[in-house]
Structures are given as structure tokens and as C-alpha cells.
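>>> quick one, fold the following:
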Amino acid sequence: MGDEVIIEQNGVELSNVEEGPTGKEKIDIEEDESAEDRPAWDNKVQYLLSQIGFAVGLGNVWRFPYLCQRNGGGAFLIPYLIMLVIEGIPIFHLELAIGQRIRKGSIDVWNQINPLLGGVGVAMVAVSFLVALYYNVIIGWCAFYFFNSFQAPLPWATCPGNGTVLECEKSSPTAYFWYREALDTSESIENGGGINWKMMLCIFTAWLIVCVCMIKGIKSSGKAIYFTATFPYVVLLIFFFRGVTLEGAGDGLAFLFIPRVEKLADPIVWLEAATQIFFSLSVAFGGLISFSSYNPRKNNCTRDAVVVSIINSGTSIFASIVIFSVLGFKALTDSRKCLQEFQVVMENNVPDFANNNMTVTASNYMDLWGTYNTTDTAVRDFNFGYCSKEGNLNNAVGGTGLAFVVFTEAMNQFYPLEMGPFWSILFFLMLANLGLSSMFGTLEGVITPLRDAGIWKWRKEFLVVLLCVVCFLIGLIFAQYSGSYWLDIFNDYSGTFPLLIIAFFENIAIVYVYGLNRLSDDLLYMTGSRPNIYWKVTWMFLTPVSMLVIFGATIYTEATRTITYKGWDSALGQVVDKGPYPWWGEMMCYVLICLPTLFIPLVFVLRLTGLMPYRGETLKAKQKRTVPGAISKQNLLKMRFSDLKAHSTEDSDSVKAMLP
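Purely as a prediction, here's the structure:
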């Protein structure tokens with residue numbers, strides 16, 4: 001690539017011309033594209049919103065703030081941004097590039113690159129299917145809270161029964177409503193308890209919405225994405241202005257941005273930063289490939305990769321500002337409430353305290369306890385769990401606990417209190433839309449490959465309906481009273497470790513099998529420029545090495561710990577360790593890890609032995625029927641156009657397309 005060649009066509013010698021975008025193996029890309037009858041995005045904005053909606057999901061709102069809270073606040077942003085540069089953006093770019101170049105779903109993309117690698121595409125479809133099973137359940141949960149928000153006071157604002165429901169009194173109204181009224185969760189995963197019909201109806205509603213939005217493919221989901229991808233930003237902006245004006249918001253933001261640099265010495269912090277940036281971009285699902293396959297080939301996918309990646313990470317940071325401003329307010333409110341309760345205990349049980357008109361403050365409550373804890377049982381046994389504002393901020397809560405318990409409880413305390421339903425409606429509608437836009441990409445990672453590979457030969461609408469029905473029926477496992485335990489298993493194991501393995505093979509296959517030179521030629525054709533040194537260094541070295549390190553660290557972590565789970569204890573009114581999973585629960589964890597990834601070696605062996613031959617056309621086969629001798633844009637500018645008239649019509653047209 002890049003050597004000087006002499007090309008002779010139709011009797012005209014064109015010397016000193018650089019070998020073009022794909023050299024002597026050039027595919028007639030324009031002819032190939034014009035012959036396709038493939039759906040396309042209405043416009044570039046629709047495409048970018050779809051990619052942003054797929055990448056930006058629920059994890060940006062509840063997992064990223066949790067990781068910041070647990071891993072040193074602002075210190076976590078340092079490894080996070082480093083991993084974004086060396087791992088996230090490069091893989092994201094690769095997927096956009098191959099999808100746009102080959103214009104097929106993930107299965108056919110890998111079959112055309114090399115039939116032996118077809119298992120990579122199948123693994124992507126399997127992961128997307130498994131993740132879709134549980135991800136839409138969370139949307140169903142959001143729908144349940146959304147529907148219950150249209151009442152005042154909110155049903156989770158106070159405990160029922162005027163103090164007679166001990167489970168609620170021992171916990172909190174929001175925790176009680178979540179674990180008892182919404183999930184009605186069982187005591188362990190072994191106690192299925194039957195179907196929770198309320199959750200079943202909400203999950204059915206979620207799948208019905210997804211089905212309607214995707215029934216016409218990108219023609220319908222592309223219309224819905226204008227709302228589902230933009231509405232969350234409107235709500236985040238509203239919560240931002242409300243959050244930063246709350247008392248205590250500054251404490252929460254200081255906790256977020258002031259780095260605790262000692263955390264940088266902990267390798268777990270770097271591991272979690274790398275894992276988060278990797279999974280938050282939704283790479284290795286196949287959805288990015290499917291979405292980019294609906295682009296024209298002449299599209300700057302390099303710029304798209306950088307823009308969408310930065311927006312995704314920027315959304316995570318902005319959402320953290322919103323979350324921590326509210327958490328700061330909640331930490332201050334809980335601290336004051338705790339101190340007021342201790343004040344009452346001291347006044348009722350310590351005569352000296354009451355006679356001297358003493359006051360409990362954040363700076364003296366432990367001194368008072370140390371002085372009087374031997375004189376009264378009520379003072380000695382007082383629970384100071386929420387009296388420390390700093391301690392409240394340090395109590396890391398992520399996932400569903402952050403969204404459905406902690407943040408919901410904080411919204412209960414927004415003034416005026418009569419506005420509670422308004423804030424609740426906005427919040428859960430935002431979460432539902434974040435989930436829906438991600439679901440569109442996840443299911444597109446299943447639907448598009450099945451149709452492009454010829455596995456499904458009938459109308460797309462039938463496939464969408466069938467897929468949604470099958471997912472709903474299998475997903476009834478999450479509508480059980482033990483459904484939250486099953487969702488934790490799927491969340492922890494189906495969409496984490498397998499994606500890492502798939503992305504590693506993806507990186508190696510594109511750079512070292514398909515070839516960096518060929519990819520560079522493709523990008524020159526599609527974007528007008530070859531990848532610079534940053535892309536080459538990350539694709540060839542930094543990205544695969546970082547994934548190998550994460551891979552090894554993850555294996556070590558999993559191999560040296562017992563797989564346990566947490567659950568709700570109704571007697572204590574809190575979440576407790578339930579111990580290890582039963583043997584079948586642990587086996588399910590390993591099945592979710594191994595099932596998608598096993599397709600990679602399985603297809604390799606079947607193709608290698610001829611038991612499952614690929615009957616389509618590979619890129620290499622296409623290259624044998626192409627016209628060599630493309631002319632580079634740089635050398636084209638040095639030549640007179642009249643010298644090019646002797647070229648064939650096909651070559652002349654491609655030359656004109658390259659002219660500025």
C-alpha cells in the first residue's frame with residue numbers, strides 16, 4: 001500500500017500514481033452499494049440519535065455514579081478517561097467502520113471477512129438476545145412506578161398502616177414499596193413463589209411498546225428515537241437545575257469531583273473503569289454494526305465514533321452531577337433527621353442534658369454519646385447509621401437500589417412536597433426512554449443479522465413480533481417473586497464477560513485477519529482519509545493488551561471468590577447477604593458466560609472441517625472480479641482531467657466522485 005505504480009488502461013499510461021483505496025484488490029464499492037435494496041436512515045441526525053440512544057442507557061445514570069462513589073470520586077474519572085481513549089473509542093470506531101463498509105448485520109459481516117470467524121457474529125446475536133431478555137424487564141419496572149406516580153401523595157411517601165407494618169418501620173417507605181409492594185420479593189432465589197401478576201403486566205406492556213416501535217425496522221424505530229433519545233436529556237437538565245439549588249448539593253458535588261488519589265493505587269479501580277467504559281458504549285452487541293450498516297458508504301464514521309463516544313461519556317459525567325447533587329441533599333437531610341432523633345432520646349433519658357438546654361450537633365453527638373452511653377440503655381443502643389453526612393455519601397448504592405429506593409426517597413423530600421408526583425413522573429419516564437432507546441439497538445443486533453444471513457426469509461414484521469413474544473415468555477422468569485434474583489444473575493454474567501471475549505476476537509480479526517492496510521484503504525474511501533497514528537497504535541497494541549489485562553484480572557477475581565448474592569430480609573427490613581447460590585444458580589452463571597462465546601470455536605471447527613460450509617460470497621471472492629488501478633485523490637490533483645477521458649465510463653465516474 002502506498003507504492004508508486006504504473007497503470008495502463010485503454011492505451012493511456014498513467015505513471016506516478018499511488019495505488020488507491022483498495023489497490024489491486026479493489027472492490028467496485030459503488031456498484032455493489034447501488035445494487036443493494038437496503039433500508040437507509042432518513043438523515044444523519046436520525047442515525048446519530050440512534051447510536052447515541054443505543055450507547056447511552058440506564059448504566060450511565062445508575063452504574064457510573066455508583067462507581068464514582070465507590071472508587072474515589074474524582075479520582076475515578078482519571079482511569080475512566082484514559083480507558084475511554086485507549087479502549088472505548090477504538091473498538092467503537094472498528095464496529096462503525098466494518099458495518100458501514102460491508103453493510104450487513106454482524107453474522108454476515110464476519111462471514112464475509114472470513115467464514116471461519118462467523119461464530120463471532122453468532123456470539124453477538126446470542127449476547128444481544130440474552131441481554132434483551134432482562135433489560136426490558138427494567139423498563140417494565142419503570143412503567144410500574146410511572147403508572148403509580150399519578151397519585152398524591154405518592155404510595156411510597158409514607159408507610160402504610162399508621163406504624164403497624166413492622167417491615168416498613170424497620171426500613172423506609174421507599175424500600176418497603178420497592179421490595180414488598182412492587183416486587184413482593186421472596187426470601188431467596190430458591191423460593192420462586194409463582195408469578196407476580198402486576199410485574200407480568202408491566203413487562204408485557206414494555207414488550208408491546210418495543211414491538212410497536214420496531215415493527216417497521218429503522219423506519220419506525222428511527223421515528224421513535226427522536227423522542228426516546230432526546231427526552232432523557234431534557235429531564236436531566238430539569239433535574240440538574242433542581243438538584244444544584246438544593247441545600248447540601250455542594251457537599252455531594254465535592255464528594256464527586258474532589259479526588260481521593262490514594263484510590264489510584266488500587267488495581268480494582270482501574271479494572272472497573274476499563275470495564276465501565278467498555279460496556280457503556282455497547283460494543284460487541286452487534287447493534288452498532290447493524291445501525292451503521294444502514295449508512296451510505298461515503299460517511300465519516302471516524303468522526304461519528306469520536307462524537308458518539310464523547311457524548312456517551314459526557315452524559316455519564318453530567319448524570320453523575322445530577323445524581324450527586326441530589327445525594328448531597330439526601331445525605332444532609334438524613335443526617336439532620338438522625339441528629340434530631342438523638343436529641344429527643346437525650347432529652348427524654350438524660351436529665352442533665354435537658355436541664356442545661358444542650359443541643360445535639362454534627363460535631364458533638366459522638367462526644368455526648370461517649371459521655372452518657374453508660375447511664376442509659378436508650379442512649380447506648382441508639383443507631384447512628386445516618387447521622388454522619390460523610391458516611392451517608394460513602395454508602396455506595398448502585399443499580400436498581402439507586403433508582404428505585406435512594407433517588408426516589410430523595411425526591412420525596414423535594415419542596416414543595418405537593419410536587420412529588422411531577423418529579424416522579426419525569427424521573428421514571430426518563431429511565432423508561434433511556435431503556436427503550438438501548439433496547440432498539442439491542443434487538444437490532446438480533447434482527448438485522450438473522451435477515452442479512454438468510455436465516456429468516458420472511459417479512460421483518462413477523463420476525464419482530466415472534467422475537468418479542470419469545471422474549472416475553474422466557475422473561476416470565478423475571479416476573480416471579482424471585483425474579484429480582486434472576487435479573488441480577490443475567491445482569492452480572494450475560495452482558496459482561498462474554499462481551500469482553502467477543503470484542504477481543506473482533507479487534508484481532510479486523511486488524512490482523514482482515515488487515516490494517518485493507519481497513520485503512522476502506523476508511524480512505526469512506527471518509528477521505530486514512531487512520532492516523534493514534535488509531536493504528538490503539539488497534540494494534542493498546543486496545544487488545546488492555547482487554548487481555550481485564551480478561552486476566554476478571555478470571556482471577558472470579559476464580560478466587562465464591563459466587564454469592566444479596567436479597568431482602570423482611571424481618572430485618574434491609575438487604576442482607578444470602579450466601580452462595582444453589583448449585584443450579586451457580587451453573588446458570590457459567591452457562592450465561594460460556595453459551596455465547598462457545599459459538600466462536602464451534603463455528604470455526606464446523607467450517608474448518610466442512611460440516612457447515614459458507615455458501616455466500618466472501619470479500620476475497622468479490623475482489624477477484626474487480627477492476628484494479630484506482631487513482632488516489634492526492635495524485636489525481638496533479639493530473640489534467642483530459643488525460644483521464646480515455647478511461648472507461650466506470651473509472652471516469654469514480655474519478656469524478658473523488659474530485660473536490
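
>>> hey, let's count contacts and neighbours off CA atoms from now on
Noted.

>>> so Ser282: helix, strand or coil?
Here Ser282 is recorded as coil under DSSP: H, G, I helix; E, B strand; the rest coil.

>>> quick one, what contacts it?
Phe54, Ala55, Leu288 (CA atoms under 8 Å, 6 or more residues apart in numbering).

>>> in helices only, show me those.
Taking DSSP state H, the ones among these that sit in helices are Phe54, Ala55, Leu288.

>>> show the buried residues in these.
Phe54, Ala55, Leu288 (16 or more other CA atoms under 10 Å).

>>> which one of those is nearest to Phe144?
Phe54 (22.7 Å; CA to CA).

>>> I figured that closest one was touching Leu443, is that so?
No: using CA atoms under 8 Å, Phe54 makes no contact with Leu443, being 10.3 Å away.

>>> and for the two, which residues touch both?
By CA under 8 Å, 6+ apart, the residues touching both Phe54 and Leu443 are Gly287.

>>> rewinding a little: relative to Leu611, which of the ones in helices among the contacts of Ser282 is nearest.
Leu288 (30.4 Å).

>>> what's near enough to touch the closest one?
Neighbours of Leu288 in contact, by CA under 8 Å, 6+ apart: Gln51, Phe92, Glu95, Leu96, Gly99, Ser282, Gly441, Gly445.

>>> where's the dip in pLDDT among these?
Among these, Ser282 has the lowest pLDDT, at 91.

>>> for that residue, grab phi and psi.
When read as degrees, to the nearest 10, the backbone of Ser282 gives phi 60, psi 30.

>>> ok, it to Asp577 distance?
Using CA to CA, to the nearest Å, Ser282 is found at 30 Å from Asp577.

>>> quick one: contacts for the spatially most central residue of the chain?
Central residue of the chain (CA atoms, centre = their mean): Ser280, 3.6 Å from the mean position. Residues near Ser280 by CA under 8 Å, 6+ apart: Ala55, Val56, Gly57, Gly59, Asn60, Asn312.

>>> out of those residues, who's nearest Ile113?
Of the contacts of Ser280, the one sitting nearest to Ile113 (CA to CA) turns out to be Ala55, at 25.1 Å.

>>> spatially nearest residue to Ser309 (excluding sequence neighbours)?
Leaving aside its sequence neighbours, Ser309 sits nearest to Ile89 (CA to CA, 6 or more residues apart in numbering; 6.1 Å).

>>> and the helix or strand hosting the one you found, what does it pack against?
Counting by DSSP states H and E, the element that carries Ile89 is helix 89-102. Judged by 3 or more CA pairs under 8 Å, 6 or more residues apart in numbering; DSSP states H and E, helix 89-102 is in contact with helix 106-113, helix 287-292, helix 301-349, helix 497-508, helix 516-527.

>>> now do it against helix 301-349, angle only.
140 degrees (axes from the mean of the first three to the mean of the last three CA atoms, to 10 degrees).

>>> check the offset of helix 89-102 from the chain's centre.
17 Å (CA atoms, centre = their mean, to the nearest Å).

>>> swap in stretch 234-245?
Per CA atoms, centre = their mean, the centroid offset for stretch 234-245 relative to its chain is 22 Å.

>>> what's in contact with it?
Outside stretch 234-245, the residues that touch it by CA under 8 Å, 6+ apart are Ala249, Gly250, Ala319, Ile321, Val322, Ile323, Ser325, Val326, Leu426, Phe427, Met430.

>>> give me the buried positions along it.
Val235, Leu236, Phe239, Phe240, Gly243, Val244.

>>> ok, of the residues you listed, which one's closest to Cys211?
Val235 (24.8 Å).

>>> so which strand or helix has that closest one?
Assigned by DSSP H and E, Val235 belongs to helix 231-244.

>>> how about Thr554?
helix 543-559.

>>> tell me the angle that helix makes with helix 89-102.
Here the directions of helix 543-559 and helix 89-102 differ by 120 degrees (the same axes, to 10 degrees).

>>> which elements pack onto helix 543-559?
helix 267-280, helix 497-508.

>>> save those helices as TSV, and put in mean pLDDT and distance to Gln343 too.
Listed next are the helices and strands packed on helix 543-559 as TSV, based on pLDDT from 0 to 100; distance: least, CA to CA, whole Å:
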stretch	mean pLDDT	distance to Gln343
helix 267-280	83	40
helix 497-508	92	50
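
>>> could you redo those as CSV and give each row distance to Tyr485?
Output for the helices and strands packed on helix 543-559, formatted as CSV (distance: least, CA to CA, whole Å):
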stretch, distance to Tyr485
helix 267-280, 22
helix 497-508, 19
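
>>> start and end of stretch 340-359, how far apart?
9 Å.

>>> in that stretch, what counts as buried?
Gln340, Glu341, Phe342, Gln343, Met346, Glu347, Asn349, Val350, Phe353, Thr359.

>>> cool, and stretch 489-506?
Those would be 489-491, 493-506, for stretch 489-506 by 16+ other CA under 10 Å.

>>> other residues contacting that stretch?
Identification of contacts with stretch 489-506 by CA under 8 Å, 6+ apart yields 91, 120, 123-124, 127, 130-131, 134, 279, 283-285, 544, 547-548, 551, 588-590, 592-594, 596-597.

>>> cutoff 6 Å now
Contacts to stretch 489-506, defined as CA atoms under 6 Å, 6 or more residues apart in numbering, come from residues Ala284, Leu592, Ile593.

>>> next one: stretch 530-549
Ile86, Glu87, Ser520, Leu523, Leu524.

>>> and the nearest residue to the third one once chain neighbours are set aside, how close does it get to Asp522?
Using CA to CA, 6+ apart and skipping residues adjacent in sequence, the residue nearest Ser520 is Arg530, 5.3 Å away. If you measure Arg530 against Asp522 using CA to CA, the figure is 8 Å.
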